[in-house]
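Peer 1: Pasted the sequence and its predicted model underneath.
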Amino acid sequence: MFVANLATLVLSNIPALAAVMFQEGAGIGWDPISLWRQMGVLAKVVVLILFIMSGWSIGIMIDRAMAYGAARKQSRMFAPAVAGALREGKIDEAIKVAERNKKSHLAKVVTAGLQEFRVHTLSSDIPGEQIEASRRALERAEAIVHAELKRGLGGLATIGSTAPFVGLFGTVVGILNAFRGISESKQTGLGAVASGISEALVTTAIGLFVAIPAVWMFNYFTNRVEAFDVEMDNSSSELIDYFLKQRNLVRK
């Protein structure tokens, strides 16, 4: 009820509040240094937490952007090279090509399948077991690569979902400071609550500033990972088809 009354007071006096905040010598303005000094301890802690979350999310964004870019670039070079080697039946050459593109998500999966197929080719295993072993190796490699591609995205999602609530906590603290200003000054004008309202609005704005890019980038990176998963599934399926053709040629 108190919060609702304060919100009504502020909304109904927005022009007057703006005049107070911009008034020279009023003590409340948009100077970050003076605003920081006027903040309470809890509000400062909230701002520091939000800046740490922002730095963490930016680090994740840079890391994932670089990893996905390298994976895409090397995969574009790897795919035609390994396809040419397999068409000529040079499995060893295909493995060498994959090992030269270690950042490619496709190379990591294909290497596991080719190595397993080569090991069973040199052994006396049942032909059907050779294909199944290669299929299991591909599935294990896909799971590992998928986990590597998703690394850090959970933290990005956590930041995007919790940063607004951290900012909201700062908002509550600012409103409480506004009530304290009314109590100490024994006045009910906007001058008594301007400091607390300013503190509340700043923490809210910072929380949204941290959360919105984190949510956007999480959705973007999730779509990239899903596209990589489709590419790995297609490559695994094509490689199994190749192994089946090779087994049929050996039988003939």
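Peer 2: Alright, I've got the coordinates. Residues are numbered from 1 along each chain as shown.
Peer 1: From the chain's centroid, how far away is the helix or strand hosting Ala83?
Peer 2: In the assignment (DSSP states H and E), Ala83 maps to helix 41-87. Averaging C-alpha positions (Cα atoms, centre = their mean, to the nearest Å) puts helix 41-87 8 Å from its chain's average.
Peer 1: Could you give the average pLDDT over that helix?
Peer 2: Across helix 41-87, pLDDT averages out at 91.
Peer 1: Now the element after it, going C-ward?
Peer 2: helix 91-99.
Peer 1: ok, residues contacting that following helix?
Peer 2: With contact meaning Cβ atoms under 8 Å, 6 or more residues apart in numbering, helix 91-99 is reached by 78, 81-82, 85-86, 104, 107-108, 110-111, 114-115, 117-118, 121. From N, CA and C alone the C-beta is placed, and that goes for glycine too.
Peer 1: Just the buried subset of these, written out for ChimeraX, thanks.
Peer 2: Entered in ChimeraX, the line below selects the buried ones among the contacts of helix 91-99, by 16 or more other Cβ atoms under 10 Å:
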select :78,81,82,85,86,104,107,108,110,111,114,115,117,121
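Peer 1: Tell me the one of the contacts of helix 91-99 nearest Leu176?
Peer 2: Lys108 (53.2 Å; Cβ to Cβ).
Peer 1: Contacts only, for that closest one.
Peer 2: Counted by Cβ under 8 Å, 6+ apart, Lys108 has contacts 98, 102, 141, 144-145.
Peer 1: any idea which of these has the most stuff around it?
Peer 2: Highest neighbour count within these, by other Cβ atoms under 10 Å: Ala98, with 24 neighbours.
Peer 1: how far away is that one from Thr111?
Peer 2: Separation of Ala98 from Thr111 (Cβ to Cβ, to the nearest Å) stands at 4 Å.
Peer 1: just Glu148 next, same as before
Peer 2: Glu148 is 14 Å from Thr111, by Cβ to Cβ.
Peer 1: Could I get the buried residue list for the helix or strand hosting Phe179?
Peer 2: Here Phe179, judged by DSSP H and E, is contained in helix 153-185. By neighbour count with 16+ other Cβ under 10 Å, helix 153-185 contains the buried residues 153, 155-157, 159-160, 162-164, 166-171, 173-178, 181-182.
Peer 1: Relative to Val172, how far out is Phe179?
Peer 2: Taken as Cβ to Cβ, the span from Phe179 to Val172 is 11 Å.
Peer 1: same question, Glu231
Peer 2: Distance from Glu231 to Val172, by Cβ to Cβ: 47 Å.
Peer 1: ok, back up a step: so of the contacts of Lys108, which ones are in helices?
Peer 2: Among these, the members found in helices (DSSP state H) are 98, 141, 144-145.
Peer 1: Turn these into TSV, columns for pLDDT and distance to Gln246.
Peer 2: Below are the ones in helices among the contacts of Lys108 laid out as TSV (pLDDT from 0 to 100; distance: Cβ to Cβ, whole Å):
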residue	pLDDT	distance to Gln246
Ala98	86	17
Ala141	93	19
Ile144	94	25
Val145	95	24
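Peer 1: Could you list the low-pLDDT ranges of the stretch 151-252 of the chain?
Peer 2: The stretch 151-252 of the chain contains residues with pLDDT under 70 at 181, 184-196, 247-252.
Peer 1: Recalculate using a threshold of 90.
Peer 2: Counting by pLDDT under 90, the stretch 151-252 of the chain contains low-confidence ranges at 168-205, 238, 240-252.
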